[in-house]
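J.: got a sequence here, can you build the structure:
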Amino acid sequence: MSTSIITRRAIQQAFETLVLRQDLATITVSDICAETGISRNTFYRYFHDKYELATWSLEQLIDRILLEGQDLSHSLLDGVVSYLSQNREFVRRVLRYTGQNSLREVLLERTRTLCLEHAANMRGQLLSQEDELAIEYASSGCVSMLLQWVTGDYDLSIAEISSLIERCYPSFLPK
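T.: Okay, the predicted model is just below:
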């Protein structure tokens, strides 16, 4: 693994640790550098500011969620729900950030893109406008439901919330 990747991941880990201790709005680049044990120059070599780091970290989080979901014998959705459940406090804190490239925004875009690609692959043809709108609607609703479950006090198991979300999908979307 290259030094660049190792350094990025160390910065990301420090950032994730800080997010568990304080709100994103109060975290400074100096805090991240102190937690990582690097200079500000090193930080700025990899990230423009903490918001670029936050965006990159969220992308990495989504990638981990999707990778874990694909490695499981059950559905991708179960994998996503399981990951979010296991990392509930971190997800709750990250969701407090509602600016550009928020977790909600990134998760919605990834979900929509995955569903569009999967539906097009299943059909072997371009999707109709109606199908695309159905995917947009279902993606928004499912992500919203999932994030409400993570942040709320709902007494639903991973299997129950996965089943509920699956029932809201149009029939041609991945399960």
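
J.: contacts and neighbour counts: CA atoms only from here.
T.: Will do.

J.: does Thr17 sit in a helix or strand, and which one?
T.: Secondary structure assignment for Thr17, by DSSP states H and E: helix 3-21.

J.: tilt between the lowest-mean-pLDDT helix or strand in the chain and helix 3-21?
T.: When the helices and strands of the chain are scored by mean pLDDT, DSSP states H and E, helix 50-71 comes last with a mean of 74. Helix 50-71 and helix 3-21 are oriented at 100 degrees to each other (axes from the mean of the first three to the mean of the last three CA atoms, to 10 degrees).

J.: who are the packing partners of helix 50-71?
T.: helix 76-86, helix 103-123 (3 or more CA pairs under 8 Å, 6 or more residues apart in numbering; DSSP states H and E).

J.: only alpha carbons, please: show that helix as CSV.
T.: Coordinates of each C-alpha in helix 50-71 appear next as CSV, following Å, rounded to 0.1, in the frame of the first residue of the first chain:
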residue,chain,number,x,y,z
LYS,A,50,-12.2,19.5,6.5
TYR,A,51,-15.2,19.4,4.2
GLU,A,52,-13.3,17.8,1.4
LEU,A,53,-12.1,15.3,4.0
ALA,A,54,-15.6,14.8,5.2
THR,A,55,-16.8,14.1,1.6
TRP,A,56,-14.0,11.7,0.9
SER,A,57,-14.6,9.9,4.2
LEU,A,58,-18.3,9.6,3.4
GLU,A,59,-17.5,8.1,0.0
GLN,A,60,-15.2,5.7,1.7
LEU,A,61,-17.9,4.9,4.2
ILE,A,62,-20.4,4.1,1.4
ASP,A,63,-17.8,2.0,-0.3
ARG,A,64,-17.2,0.0,2.9
ILE,A,65,-21.0,-0.4,3.3
LEU,A,66,-21.4,-1.7,-0.2
LEU,A,67,-18.3,-3.9,0.0
GLU,A,68,-19.5,-5.5,3.2
GLY,A,69,-23.0,-6.0,1.7
GLN,A,70,-21.6,-7.8,-1.3
ASP,A,71,-19.5,-10.1,0.9
